[in-house]
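Asker: sharing a model prediction with you, sequence too.
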Amino acid sequence: MTAAENVCYTLINVPIDSEPPSEISLKNDLEKGDVKLKTEALKKVIIMILNGEKLPGLLMTIIRFVLPLQDHTIKKLLLVFWEIVPKTTPDGRLLQEMILVCDAYRKDLQHPNEFIRGSTLRFLCKLKEAELLEPLMPAIRACLEHRHSYVRRNAVLAIYTIYRNFEHLIPDAPELIHDFLVNEKDASCKRNAFMMLIHADQDRALDYLSTCIDQVQTFGDILQLVIVELIYKVCHANPSERARFIRCIYNLLQSSSPAVKYEAAGTLVTLSSAPTAIKAAAQCYIDLIIKESDNNVKLIVLDRLIELKEHPSHERVLQDLVMDILRVLSTPDLEVRKKTLQLALDLVSSRNVEELVIVLKKEVIKTNNVTEHEDTDKYRQLLVRTLHSCSVRFPDMAANVIPVLMEFLSDNNEAAAADVLEFVREAIQRFENLRPLIVEKMLEVFHAIKSVKIYRGALWILGEYCSTKEDIQSVMTEVRRSLGEIPIVESEIKKEAGELKPEEEVSVGPAQKLVTEMGTYATQSALSSSRPAKKEEDRPPLRGFLLDGDFFVAASLATTLTKIALRYVSLVQEKKKQNSFNAEAMLLMATILHLGKSSLPKKPITDDDVDRISLCLKVLSECSPLMNDIFNKECRQSLSHMLSAKLEEEKLSQKKESEKRNVTIQPDDPISFMQLTAKNEMSSKEDQFQLSLLAAMGNTQRKEAADPLASKLNKVTQLTGFSDPVYAEAYVHVNQYDIVLDVLVVNQTSDTLQNCTLELATLGDLKLVEKPSPLTLAPHDFANIKANVKVASTENGIIFGNVVYDVSGAASDRNCVVLSDIHIDIMDYIQPASCTDAEFRQMWAEFEWENKVTVNTNIIDLNEYLQHILKSTNMKCLTPEKALSGYCGFMAANLYARSIFGEDALANVSIEKPIHLGPEAPVTGHIRIRAKSQGMALSLGDKINLSQKKTSL
């Protein structure tokens, strides 16, 4: 073990600009100064020793002039000093002076002040010299009977570490501690003693636990946690002991401490897969989520519940607890609610779907009464989507859900209303028996709809599914009511007659960029008349939309009127009524066209909308059977095709999920018997405590791939050349939010290099946590230096720097070797994620940073290129496989990923195969990347540029 890797208990921060004092001035302060001066001098000595100075001349001075002092600060500092000072001669024998120190500590162990006794005992835990500890053993034993618990608990720790390191000094330690544990009353002392028995003599720990197993509930939480750990270890090592201790774990589920309940539930699940055990553990987790106020705790415990659900045999038990899980929705945090709803949806079955829908309906109604808050809208959206999924999976529920949700079509929050509309559209197409109910409800709320987008969708649904004469008349009445007095232009001019100024300024409005459904851009600029602002008046909704210049809704209205007019003609036989209805529909379209061409709206009508309305007028005037078929049959068929494709895709993804979770055992798979399994083979029974400790330390043991290139060696970066005086290479270990650089420094010269320092600097959102300390390297020696770097966002970071050193005996300035740059790979932070098409389009419109990358590759197949991009960027393709299947010479796909910092990255791949260049021509096209931050967009673009040039294997 090198000096840099020695176990260090004490870390002391040193100001960088401080000047190291001389040994003579320190000696003088320690001998002749007052207590304050001696304290300062001792601090300086400790810092110098930590920095590698030896200072052997000061040892005797400190023993003579500082050790006898009774000042508490000095005593604390001396404990640090004796921990770090070299205690042996170069040949490994103990220094003679240390005997004097040993005597001083024997006196401290008998000191009347309990703090001095306790802190001395803590210090003895860190000593690694048996010769120093031997004379102190009687005093340490005596401390077990001290009146104060602080001394007793530290005495237990000291005995444990001495027994572990030098068993011969106290061979009867387990027996001694067992007797101490039986008589002890203080919780912290009992915990330390029990902890020692677990690690030193497990049988004695079990004996003690057996005697007091019924009183476990009365113990303090720190002792209960240790008992849970012992039971876990014992039952994993020896499964036959489970029956003996499982009752104890059940009792601990009722503990008053949340930490004990959490650990006991986790242990119970690993020890038993009986339905009663799983139910008790799940119930315990649910109580914890509801009672704990910290959202992080809630999310962690929810993850444990989700893990439970992944096990096929546990899922059935959790299904009975769905209503309990829904109690978690009382938490205001959106992330917790999101996970809870997803879990409930995964567990819903025909047995509990009715209760689930009742609870969700209540929650939806509650959100309506709450004062508007950003998360309330999102929560309402989540609830609507969950109810949508329930209704699709269990059609019987749709009739209960639809009336409640239809109220939200008039909601101010467009996103929630859009979700409701999507649900209604799917329900009306799938469930024929519900069509009259949906049309009736739609007509009720139609006049209250505030959003133009929702209005368009509602018009389409009414036009498509009104099949009776009465409904068609009702739609026409609602449209007339929503449009107000016609002709629109004349009535508006009459209204404004008294308010209109003779001269109006006509200005060209700024060009507005819109993103269409296909992801392409449509640009429109508009002439607008600026006139004095008049009093706000209550216009009917549709009239308001048209006067605001939104004529897309007029095109939608024209289609709806055409559909219902054609249907009315087929339902009513009287020619007069047919002509009257058609004429009314044509009048509405004509008056809208007139309005569009006038200067009244804020923006004039677009050519596309004029064409659409004109086409509808022509269809109504001619009434050909072909057009009748197109308007009344083909539209519905295309919706049906889309919904069935969507359903098929959902079923496919669910099937993949269930296949993942189903534990399939092949005919020739080996059967493992617990009793015959070697301890190192118990892969399915890993020690959870060990795993969580490793995870906390950042040493998660990932199974390395069989390919040696995928191993650690792949992450080693060479920093200097082989001919440089100092050779350096770094292993870059990325652990979520921080990066550990393990730098190997090799002295390739025949000189001793002093103050060899690794100086690092960073570029990008990286921050160096601490400056690596200087080293002394012997000729041809090597050392490892570790440096921690914190990461704040997802962008390509660069770490650069140099190694500086002094050559001993040389008069020249400091030498410097410049290191090559270390590039931090963005891929370590990006994970595939999914979102809906609507969310994708919304983010695409909002994100201001775009990076357009030209495709430059040697891959000749479109699909192969897309897969290559997905693999090299860690993104997920949102475009369904069905849409990408087939071959037509070009391809467009949307990709999405999210970083561990919560940043979104979007990409649109538009590629084609230039057929005129022959079958071997490579793929051409563009990839547009959008992100909220510039760094993310640029970094992802660089990654694509680098990876697309690789040859496809």
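Answerer: Yep, it's here. Numbering: from 1, shown residues only.
Asker: in the stretch 701-850 of the chain, which spans are helices?
Answerer: 837-846 (DSSP state H, counting those that start in this stretch).
Asker: run through it and note the low-pLDDT ranges.
Answerer: When residues are selected by pLDDT under 70, those of the stretch 701-850 of the chain lie in 701-712, 736, 793-794, 809-812.
Asker: my guess is Lys54 is in a strand, correct?
Answerer: No: the assignment for Lys54, made by DSSP: H, G, I helix; E, B strand; the rest coil, is coil rather than a strand.
Asker: pretty sure it sits against Pro86.
Answerer: Yes: if you go by Cβ atoms under 8 Å, Lys54 and Pro86 touch, sitting 6.8 Å apart. In this view, the C-beta of every residue, glycine as well, is placed from N, C-alpha and C.
Asker: which residues touch Glu97?
Answerer: 59-60, 63 (Cβ atoms under 8 Å, 6 or more residues apart in numbering).
Asker: of those, select the buried ones using a PyMOL command.
Answerer: Buried members of the contacts of Glu97, defined by 16 or more other Cβ atoms under 10 Å, are picked up in PyMOL with:
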select buried, resi 59+63
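Asker: any idea which of the contacts of Glu97 is closest to Lys441?
Answerer: Leu59 (90.9 Å; Cβ to Cβ).
Asker: wouldn't that closest one be in contact with Val85 here?
Answerer: Yes: using Cβ under 8 Å, Leu59 is in contact with Val85, at 6.9 Å.
Asker: quick one: pLDDT of Asn851?
Answerer: Looking at Asn851, its pLDDT is 91.
Asker: that one in helix, strand or coil?
Answerer: strand.
Asker: tell me, how many residues neighbour it?
Answerer: 20 (other Cβ atoms under 10 Å).
Asker: is it bridged to anything, and to what?
Answerer: Ile929 (DSSP bridges).
Asker: surely it and Ile929 touch.
Answerer: Yes: with contact defined as Cβ under 8 Å, Asn851 and Ile929 form a contacting pair (4.5 Å).
Asker: mutual contacts of the two, please.
Answerer: 937, 940-941.
Asker: which single one of the contacts of Glu97 is nearest to Arg141?
Answerer: Ile63 (26.3 Å).
Asker: now do the helix or strand hosting Val553, average pLDDT.
Answerer: Taking DSSP states H and E as the definition, Val553 sits inside helix 552-571. The pLDDT scores in helix 552-571 average 84.
Asker: still on that earlier bit, among the shared contacts of Asn851 and Ile929, who's most crowded?
Answerer: Going by other Cβ under 10 Å, Leu940 tops the shared contacts of Asn851 and Ile929 with 30 neighbours.
Asker: pLDDT on the helix or strand harbouring that residue, on average?
Answerer: Assigned by DSSP H and E, Leu940 belongs to helix 934-948. Averaging pLDDT along helix 934-948 gives 83.
Asker: and for stretch 605-617?
Answerer: Mean predicted confidence for stretch 605-617 is 86.
Asker: give me the buried positions along that stretch.
Answerer: 605-606, 609-610, 612-613, 616-617.
Asker: likewise for stretch 915-931?
Answerer: 923, 925, 927-931.
Asker: ok, stretch 425-441 next?
Answerer: Buried-residue list, stretch 425-441, by 16+ other Cβ under 10 Å: 425-431, 434-435, 437-439, 441.
Asker: show me where the stretch 401-550 of the chain has strands.
Answerer: Applying DSSP state E, counting those that start in this stretch to the stretch 401-550 of the chain gives strands spanning 505-508, 512-515, 521-524, 527-530.
Asker: which residues of the stretch 851-953 of the chain score low on pLDDT?
Answerer: 949-953.
Asker: swap in the stretch 501-650 of the chain?
Answerer: 501-538, 628-629, 632, 636, 650.
Asker: going along the chain, name the helices of it.
Answerer: Counting by DSSP H, counting those that start in this stretch, the helices of the stretch 501-650 of the chain are 541-547, 552-571, 575-597, 607-622, 625-629, 635-661.
Asker: about what we covered before: which helices and strands sit right next to the helix holding Leu940?
Answerer: strand 849-854, helix 862-873, strand 904-912, strand 924-931 (3 or more Cβ pairs under 8 Å, 6 or more residues apart in numbering; DSSP states H and E).
Asker: of the buried residues of stretch 605-617, closest to Ser638?
Answerer: Looking across the buried residues of stretch 605-617 and measuring by Cβ to Cβ, the closest to Ser638 is Arg612, at 17.0 Å.
Asker: grab the nearest non-local neighbour of the closest one.
Answerer: Ala555 (4.0 Å; Cβ to Cβ, 6 or more residues apart in numbering).
Asker: what's the neighbour count on the one you found?
Answerer: Using other Cβ under 10 Å, Ala555 has 22 neighbouring residues.
Asker: for the remainder of this discussion, apply numbering that starts at 25.
Answerer: With 25 as the first residue, the last one maps to Ala579.
Asker: looking at it, it is touching Ile629, isn't it?
Answerer: No: the criterion here is Cβ under 8 Å, and Ala579 misses it with Ile629 at 9.2 Å.
Asker: ok, the closest residue to Val877 other than its chain neighbours - contacts?
Answerer: Of all residues not flanking Val877 in the chain, Ile951 sits nearest, at 4.6 Å (Cβ to Cβ, 6+ apart). Ile951 sits next to 876-877, 879, 893, 931-934, 968 when contact means Cβ under 8 Å, 6+ apart.
Asker: re the thing from before, what about the contacts of Glu121, which are in helices?
Answerer: 83-84, 87 (DSSP state H).
Asker: out of these, which is nearest to Ile883?
Answerer: Among these, and counting by Cβ to Cβ, the member closest to Ile883 is Leu83, at 71.0 Å.
Asker: turn the contacts of Ile951 into a markdown table, including distance to Pro92 and neighbour count.
Answerer: Listed next are the contacts of Ile951 as a markdown table, based on distance: Cβ to Cβ, whole Å; neighbours: other Cβ atoms under 10 Å:
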| residue | distance to Pro92 | neighbour count |
| --- | --- | --- |
| Lys876 | 77 | 12 |
| Val877 | 75 | 20 |
| Val879 | 80 | 19 |
| Ile893 | 74 | 25 |
| Ala931 | 73 | 26 |
| Asn932 | 78 | 21 |
| Val933 | 79 | 25 |
| Ser934 | 83 | 15 |
| Ile968 | 71 | 22 |
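Asker: and those, which is closest to Arg865?
Answerer: Among the contacts of Ile951, and counting by Cβ to Cβ, the member closest to Arg865 is Asn932, at 10.8 Å.
Asker: that closest one contacts Arg952, doesn't it?
Answerer: Yes: using Cβ under 8 Å, Asn932 is in contact with Arg952, at 4.8 Å.
Asker: so who does Phe190 touch?
Answerer: Phe190 neighbours (Cβ under 8 Å, 6+ apart): 154, 157.
Asker: same check on Ile935?
Answerer: 879, 886, 889-890, 914-916, 947-950.
Asker: between those residues, which is nearest Val250?
Answerer: Nearest to Val250 out of those is Leu890 (Cβ to Cβ; 54.3 Å).
Asker: and that closest one, how far from Lys56?
Answerer: 80 Å (Cβ to Cβ, to the nearest Å).
Asker: could you check which of those two is surrounded by more residues?
Answerer: Neighbour tally, Leu890 and Lys56, criterion other Cβ under 10 Å: the higher count belongs to Leu890, 20 against 10.
Asker: please tell me how far that one sits from Ile883.
Answerer: Counting by Cβ to Cβ, the gap from Leu890 to Ile883 is 9 Å.
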